[in-house]
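J.: Return atomic coordinates for the entry below.
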Amino acid sequence: MIAAIKDPGSNTRGLLAYLYGPGRHDEHHDPHIVAGFAMLAMPDPGRDEQATLTQLAHYLDEPVHLRNSEVGLKLTGHVWHCPVRAAPEDRFLSDTEWADIAHRIVQAAGIAPDGDDLACRWIAMRHADNHIHILATTVREDGRRPKLHGSGRRAADACRQIEKDYGLRRLKPGDGTAAKRPTQTEMHKAKRLGWKQTSRAWLEDRIRDAIPHAANIEEFLAYLQAGGVEVNIRRLPSGDLKGYSVARPGDLKADGTLNYLSGSKIAPDLSLPRLQALLTASTPEEHPTARRHRHSTSWQRATDALDTLHLAETDGNTGAGAHAQAQITALGDIINATTQAAPHELRAELRAATRVYARAQRSQVRADHQAAAALRRAARDILHADDGPGGSALTVLIAALVWAAVLASRWHHARGHHQQAHAAHLAVQHLQAAYDQAAAEHLAALTHRQPAQETINDLAHDLRAAVPDHAARVLADPTWPALATVLSDAEAAGHHPRQLLTEATARRELGTARQPAKVLLGRIQHTSRNPKPNRAADAARLRTTRPTTTGRDTVQPTPSLQPGTRQQHRRR
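T.: As a prediction, this is how the structure comes out:
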């Protein structure tokens, strides 16, 4: 159940006309009052043919008019409006049940505290099965204004208890950092214009897409403008930025002007001060062309950066929490950058992961963004790179993102950040789907060239020694033949399979993994991508190229070793 308190209004009669009217799409049926202040004296145009909207508005506004006459000023912003909506899967609620819910909401919000006979006048009006509208005028009978600071949080807390008491769908409690939901008006407008997203959601996508591209706030605004977003920049006389707002082309207000929204109205972490703090904390990066000759690709470097992620479920000081929140925020930038640079067929799941994970990027814990500068540089590397996601690099990165999102969900859950933990969990599901899609062809190729049965048996022995608690599940995983191929390739490059398995398990626990062999495969492909120096092989190659002589006899070169072959390097 959601109680969405709207911005204060000043026209009681106008709001009543909408609530009692047919609605914008004839969705209002049988409008009537289910609860209110002094019900016996209240006219209800939905049940009394003699009652009018003007009478009801006058009744609700009476304390406001009295205060205006005493003070000599016209009060504005006195209309309090709060739709209260049940979830689509919730059962039908009777008028009596909605009346009780309305009383509990106005008590919690401070409109009509329990036992207060001089509280504000209010009504709860129903015109649909799944929601009511509470309308109040915020002048008490004694002429004072009610104490409404924090009313949204208190109403939300009341909804959580109502869900429990009535057996309704139970939502996660929030912490005041959630983004504002699209309004019914915004949703109807998007449908009328044939848009798949509301302007608010469309703008949030564009803003979050721009963040990993930019190294400072000016680059961020320029990227938005280049991407087709209408940007209104406000500056101080000194030239410094004062604020910014954005609009979707074609989204016009009634007077024909663009409908601008400030970043803070879209999401709390998209305000100008928050973005400046985020972007200025990034240390200067090298120009992308300076990295062209490095051995690792940008995708591999991003996976390396994720290896530095440290999200302890219990950290004993505020600084550790600030570092962890910064890393969780930067993780969203890497997911977003991967979405933008990935092949088209993977973008649907990755985009869904980006959108839901945005809720996990902010909490009441203030982030120390400097602690996550390396992760944000990794995100920009992906977007600025000349190299594409060749080979298995993309699948390995997505596998790393899955585990990183799991850690983020656990970190939030341990601190009671229920909405953020749930959002990160949903992102894990979308990232897993993207990984399954990206890895399918690659896994099939690895399975097709699996090593000989004798080698597979030896690798299974290594697995049981390195991962005794999970060996049976790994061997039963359909991905085991592909993992055996990766281990065999790694051994041929000079790595020790048992050591690789031990290190991979230490990095990523397997108890909660759906397919443990697939988890190990992605991890080992990353850690074994570079050949490991082999001193014996190097010495052998040296002997083949630099023959020695004793007197007149020449010592014949020794054939070079084949590193990793089990015939010559049988493990004890």
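J.: Now do the strands in the stretch 401-550 of the chain.
T.: Taking DSSP state E, counting those that start in this stretch to define them, one finds strands in the stretch 401-550 of the chain at 549-550.
J.: just the chain next, same as before
T.: 2-3, 32-36, 79-85, 121-126, 131-137, 230-235, 241-247, 261-262, 549-550, 553-554 (DSSP state E).
J.: Would you reformat these as TSV and include mean neighbour count and distance to residue 22?
T.: The way it works is simple: take the backbone N, C-alpha and C, and place the C-beta from them, glycine included. Shown next, in TSV, are the strands of the chain (neighbours: other Cβ atoms under 10 Å; distance: least, Cβ to Cβ, whole Å):
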stretch	mean neighbour count	distance to residue 22
strand 2-3	20	24
strand 32-36	22	15
strand 79-85	21	17
strand 121-126	24	14
strand 131-137	24	15
strand 230-235	14	34
strand 241-247	19	30
strand 261-262	18	29
strand 549-550	8	105
strand 553-554	8	104
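J.: Could you check how far the nearest residue to residue 488 once chain neighbours are set aside is from residue 484?
T.: Of all residues not flanking residue 488 in the chain, residue 451 sits nearest, at 4.3 Å (Cβ to Cβ, 6 or more residues apart in numbering). To residue 484, residue 451 is 6 Å away according to Cβ to Cβ, to the nearest Å.
J.: more neighbours, these two?
T.: Higher neighbour count among residue 451 and residue 484: residue 484, with 26 against 19, using other Cβ atoms under 10 Å.
J.: can you pull the contacts of the more buried one?
T.: Neighbouring residues of residue 484 by Cβ atoms under 8 Å, 6 or more residues apart in numbering: 450, 451, 455, 456, 459, 460.
J.: per-residue pLDDT, the fourth one?
T.: Meaning residue 456. If you check residue 456, the pLDDT there is 92.
J.: any idea how far the residue nearest to it when sequence neighbours are not counted lies from residue 27?
T.: Take residue 456 and drop its neighbours on the chain: the residue closest to it by Cβ to Cβ, 6+ apart is residue 484, 4.9 Å away. Going from residue 484 to residue 27 by Cβ to Cβ gives 59 Å.
J.: got it, and residue 303?
T.: 49 Å.
J.: go on, residue 162?
T.: From residue 162 to residue 27 the distance is 24 Å (Cβ to Cβ).
J.: In terms of neighbours, single out the busier of these two.
T.: Taking other Cβ under 10 Å, residue 162 and residue 27 do not tie; residue 162 has more neighbours (21 against 11).
J.: Please tell me I have it right and that one contacts residue 102.
T.: No. Assessed by Cβ atoms under 8 Å, residue 162 is found out of contact with residue 102, at 10.4 Å.
J.: surely residue 485 meets residue 456?
T.: No. At 9.2 Å, residue 485 does not count as touching residue 456 under the criterion of Cβ under 8 Å.
J.: overlap in contacts of these two?
T.: Listed as contacting both residue 485 and residue 456 by Cβ under 8 Å, 6+ apart are residue 450.
J.: Give me the more crowded residue out of the two.
T.: residue 485 (22 against 18).
J.: Pipe the contacts of residue 484 into CSV and attach distance to residue 58 per row.
T.: As requested, these are exported to CSV (distance: Cβ to Cβ, whole Å):
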residue, distance to residue 58
450, 82
451, 86
455, 88
456, 85
459, 84
460, 84
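J.: Out of these, which sit inside helices?
T.: The helices, defined by DSSP state H, take in 455, 456, 459, 460 from the contacts of residue 484.
J.: how about the nearest residue to the first one, chain neighbours excluded?
T.: Just to be clear, that refers to residue 455. residue 488 (5.8 Å).
J.: separation between the residue nearest to residue 456 and residue 434?
T.: 25 Å.
J.: likewise residue 322?
T.: Per Cβ to Cβ, residue 322 is found 30 Å from residue 434.
J.: before we move on, the earlier item: who wins for most neighbours among the ones in helices among the contacts of residue 484?
T.: The most crowded member of the ones in helices among the contacts of residue 484, judged by other Cβ under 10 Å, is residue 459 (23 neighbours).
J.: Can you give me the pLDDT of it?
T.: 93.
J.: Now do the contacts for it.
T.: Residue 459 makes contact with 451, 484, 487, 488, 497, according to Cβ under 8 Å, 6+ apart.
J.: any idea how far the last one lies from residue 485?
T.: Read that as residue 497. The gap separating residue 497 from residue 485 is 12 Å, by Cβ to Cβ.
J.: ranges for the helices of the stretch 1-150 of the chain?
T.: 12-20, 53-71, 95-109 (DSSP state H, counting those that start in this stretch).
J.: For the longest one, buried residues please.
T.: Of the residues in helix 53-71, those buried by neighbour count under the rule 16 or more other Cβ atoms under 10 Å are 53, 56, 57, 59, 60, 61, 63, 64, 67.
J.: Return the residues in contact with the closest residue to residue 11 other than its chain neighbours.
T.: Leaving aside its sequence neighbours, residue 11 sits nearest to residue 79 (Cβ to Cβ, 6+ apart; 6.7 Å). Counting by Cβ under 8 Å, 6+ apart, residue 79 touches 8, 9, 10, 11, 12, 15, 135, 136, 137, 138.
J.: Could you report the neighbour count for the nearest residue to residue 264 once chain neighbours are set aside?
T.: The shortest distance from residue 264 to any non-neighbouring residue, by Cβ to Cβ, 6+ apart, is to residue 271 (3.7 Å). For residue 271, the tally of surrounding residues (other Cβ under 10 Å) stands at 17.
J.: Wait, residue 271 touches residue 263, no?
T.: Yes. Residue 271 is in contact with residue 263 according to Cβ under 8 Å; the separation is 5.1 Å.
J.: neighbours around residue 92, how many?
T.: Using other Cβ under 10 Å, residue 92 is surrounded by 8 other residues.
J.: now swap in residue 173 and tell me
T.: 14.
J.: Hmm, residue 420 and it touching each other?
T.: No. Contact criterion Cβ under 8 Å: residue 173 and residue 420 do not qualify, at 11.1 Å.
J.: I'd like the helices of the stretch 1-150 of the chain laid out as TSV, including mean pLDDT and distance to residue 124.
T.: Conversion of the helices of the stretch 1-150 of the chain to TSV gives the following (pLDDT from 0 to 100; distance: least, Cβ to Cβ, whole Å):
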stretch	mean pLDDT	distance to residue 124
helix 12-20	93	11
helix 53-71	91	12
helix 95-109	96	3
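J.: can I get the ones you listed in TSV with distance to residue 405?
T.: Conversion of those to TSV gives the following (distance: least, Cβ to Cβ, whole Å):
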stretch	distance to residue 405
helix 12-20	42
helix 53-71	49
helix 95-109	34
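J.: Which of these sits closest to residue 257?
T.: For residue 257, the closest of the helices of the stretch 1-150 of the chain is helix 12-20, at 21.5 Å, according to Cβ to Cβ.
J.: Residue 107 contacts residue 113, doesn't it?
T.: Yes. With contacts counted by Cβ under 8 Å, residue 107 reaches residue 113, the gap being 5.9 Å.
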